[in-house]
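*Asks:* generate coordinates for the sequence data below:
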Amino acid sequence: MERLRAFLKRKDIVISAQRYGVDALGAMAQGLFCSLLIGTILDTLGSQLGLEFLVTVGGYASAMSGPAMAVAIGYALKAPPLVLFSLATVGYAANALGSTTLGDLAGGKGAGGPLAVLFIAVIAAELGKAVSKETKIDILVTPLVTILAGVGLSALWAPAIGTAATAVGGFVMLATDLQPFLMGIVVSVVIGIALTLPISSAAICAAFGLTGLAGGAAVAGCCANMVGFAVLSFRENRWGGLVSQGLGTSMLQMGNIVKNPRIWLPAILTSAVTGPLATCLFHLEMNDPAGGVASGMGTCGMVGPIGVYAGWVNDVASGAKAAITGFDWAGLILICFVLPAALTWLFGLFFRKIGWIREGDLKLS
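*Replies:* As a prediction, the model looks like this:
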């Protein structure tokens with residue numbers, strides 16, 4: 001056992017929730033952002049502006065989502081170069097096969113591509129790290145082990161992962177359609193919390209293909225946390241904090257949340273209000289062609305609102321939606337910007353008055 005521990009330490013193989021559930025998951029979301037999400041934004045802009053070049057570039061970027069996610073995961077796991085480069089093949093295979101359910105092995109209609117990439121790329125990367133520089137023919141052994149293990153596991157596991165992810169995502173979306181008020185609260189609060197925690201809400205939404213009304217509720221929760229914290233902490237952090245949290249991430253407040261968890265209550269309560277408003281009143285849906293990743297991004301780079309708009313455009317083009325109305329725009333602006341700012345500020349005033357939030361509690365270092 002001691003020899004095994006020494007070997008794992010030498011290879012920097014750390015089996016922990018932090019390494020796989022935080023570092024790898026967060027990196028995967030970045031890879032997804034830099035490929036599928038950016039590709040969707042470029043494709044939407046190109047289609048609306050009549051710029052075919054942007055549509056073409058967007059298509060190339062979206063096609064590389066699997067390799068981008070796997071390489072990002074390898075980077076987070078501190079994989080050596082030969083392992084890191086080999087993960088591009090693993091990511092492509094895992095994403096392609098993970099997007100194919102067991103019931104449709106030729107159709108590629110599942111939602112589990114990102115989830116399959118996460119599990120399989122982690123294993124392939126660690127196996128590649130284990131054999132790296134252990135032989136005199138490392139240039140052959142390391143890529144072969146990484147690629148064969150990753151592609152083999154993709155063939156064995158990815159369709160099942162895709163089926164499971166599709167089932168979970170489908171259940172959440174169906175439940176939201178049947179019980180929009182209750183599920184609007186649940187999805188909005190849970191995904192909003194995930195966005196602020198040091199895990200990836202975007203990766204979670206992408207893994208389960210969270211779209212439709214459930215995706216709209218997820219957007220509401222994310223915006224409630226990002227815009228909410230930006231406004232709530234304005235007196236401490238001024239304009240720099242407003243931009244870094246409102247367009248960056250509310251995760252910046254995690255250190256302060258650990259010190260005083262009560263500072264999270266205004267954003268959580270706001271998400272519990274805006275979620276059901278999004279599902280029941282405005283019928284805000286996330287039908288973004290990127291397959292749900294924008295649902296977990298909120299106002300980060302304005303990806304959430306852009307994703308909703310991209311879904312509208314897609315629905316109009318397919319005939320599912322007659323036109324984009326003024327009510328649609330009003331709902332988007334209220335849910336993503338106005339209500340998160342106003343409600344979180346009001347809740348914050350109350351909690352400051354009763355002493356649950358003190359001066360300086362929201363100060364970013």
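
*Asks:* can you tell me which helix in the chain is longest?
*Replies:* Counting residues, the longest helix found in the chain (DSSP state H) is helix 138-178.

*Asks:* following element in sequence after it, please.
*Replies:* For helix 138-178, the succeeding helix or strand toward the C-terminus, using DSSP states H and E, is helix 180-196.

*Asks:* and that next one, which residues are buried?
*Replies:* 180, 183-196 (16 or more other C-beta atoms under 10 Å). Just so you know, the C-beta spots here come from the backbone N, C-alpha and C atoms, and that holds for glycine as well.

*Asks:* and what of stretch 310-324?
*Replies:* For stretch 310-324, the neighbour count (16+ other C-beta under 10 Å) marks Ala310, Gly311, Trp312, Val313, Asn314, Asp315, Lys321 as buried.

*Asks:* take those and lay them out in JSON lines including secondary structure.
*Replies:* Output for the buried residues of stretch 310-324, formatted as JSON lines (DSSP: H, G, I helix; E, B strand; the rest coil):
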{"residue": "Ala310", "secondary structure": "helix"}
{"residue": "Gly311", "secondary structure": "helix"}
{"residue": "Trp312", "secondary structure": "helix"}
{"residue": "Val313", "secondary structure": "helix"}
{"residue": "Asn314", "secondary structure": "helix"}
{"residue": "Asp315", "secondary structure": "helix"}
{"residue": "Lys321", "secondary structure": "coil"}
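
*Asks:* re earlier: now the longest helix of the chain and helix 180-196, what's the angle there?
*Replies:* 150 degrees (axes from the mean of the first three to the mean of the last three C-alpha atoms, to 10 degrees).

*Asks:* by contact count, what packs against helix 138-178?
*Replies:* Contact partners of helix 138-178 among helices and strands, from 3 or more C-beta pairs under 8 Å, 6 or more residues apart in numbering; DSSP states H and E: helix 81-98, helix 113-131, helix 180-196, helix 212-232.

*Asks:* mean neighbour count, these: which tops it?
*Replies:* helix 212-232 (a mean of 32; mean count of other C-beta atoms under 10 Å).

*Asks:* with only the CA atoms kept, save stretch 190-197 in CSV.
*Replies:* Provided in CSV are the C-alpha atoms of stretch 190-197 (Å, rounded to 0.1, in the frame of the first residue of the first chain):
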residue,chain,number,x,y,z
VAL,A,190,-30.3,24.7,-7.1
ILE,A,191,-28.6,25.9,-10.3
GLY,A,192,-28.1,29.3,-8.8
ILE,A,193,-26.3,27.8,-5.8
ALA,A,194,-24.2,25.6,-8.1
LEU,A,195,-23.1,28.7,-10.1
THR,A,196,-21.8,30.4,-7.0
LEU,A,197,-20.2,27.2,-5.5
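
*Asks:* can you list contacts of it?
*Replies:* Residues from elsewhere that reach stretch 190-197 (C-beta atoms under 8 Å, 6 or more residues apart in numbering): 200-201, 204-205, 210, 217-218, 220-222, 224-226, 229, 249-251, 253-254, 257, 264, 267-268, 271, 295-296, 298.

*Asks:* measure how far it is from the centre of its chain, please.
*Replies:* Averaged C-alpha coordinates place stretch 190-197 at 10 Å from its chain's average position (C-alpha atoms, centre = their mean, to the nearest Å).

*Asks:* returning to what we had before: can I get the helices and strands packed on helix 138-178 in JSON lines with distance to Leu343?
*Replies:* Written out in JSON lines, the entries for the helices and strands packed on helix 138-178 read as follows (distance: least, C-beta to C-beta, whole Å):
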{"stretch": "helix 81-98", "distance to Leu343": "38"}
{"stretch": "helix 113-131", "distance to Leu343": "32"}
{"stretch": "helix 180-196", "distance to Leu343": "12"}
{"stretch": "helix 212-232", "distance to Leu343": "8"}
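
*Asks:* to Lys9, which of those helices lies closest?
*Replies:* helix 113-131 (11.9 Å; C-beta to C-beta).

*Asks:* re the thing from before, okay, the angle between the longest helix of the chain and helix 113-131?
*Replies:* 160 degrees.

*Asks:* any idea of the angle helix 138-178 forms with helix 212-232?
*Replies:* Interaxial angle, helix 138-178 versus helix 212-232 (the same axes, to 10 degrees): 100 degrees.

*Asks:* that older thread, okay, the helices and strands packed on helix 138-178 in CSV with mean pLDDT and distance to Ala164 next?
*Replies:* Shown next, in CSV, are these (pLDDT from 0 to 100; distance: least, C-beta to C-beta, whole Å):
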stretch, mean pLDDT, distance to Ala164
helix 81-98, 95, 10
helix 113-131, 93, 8
helix 180-196, 94, 19
helix 212-232, 96, 17
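
*Asks:* pLDDT weak spots in the chain?
*Replies:* 100-112, 198-200, 289-291 (pLDDT under 70).

*Asks:* so who does the residue most central in space within it touch?
*Replies:* Closest to where the C-alpha atoms of the chain average out (C-alpha atoms, centre = their mean) is Ala202, at 0.9 Å. With contact set as C-beta under 8 Å, 6+ apart, Ala202 has these partners: Ala29, Leu32, Phe33, Leu37, Val293, Ala294, Ser295, Gly296, Met297.

*Asks:* inside helices: which ones of those residues?
*Replies:* Filtering those for helices - DSSP H - leaves Ala29, Leu32.
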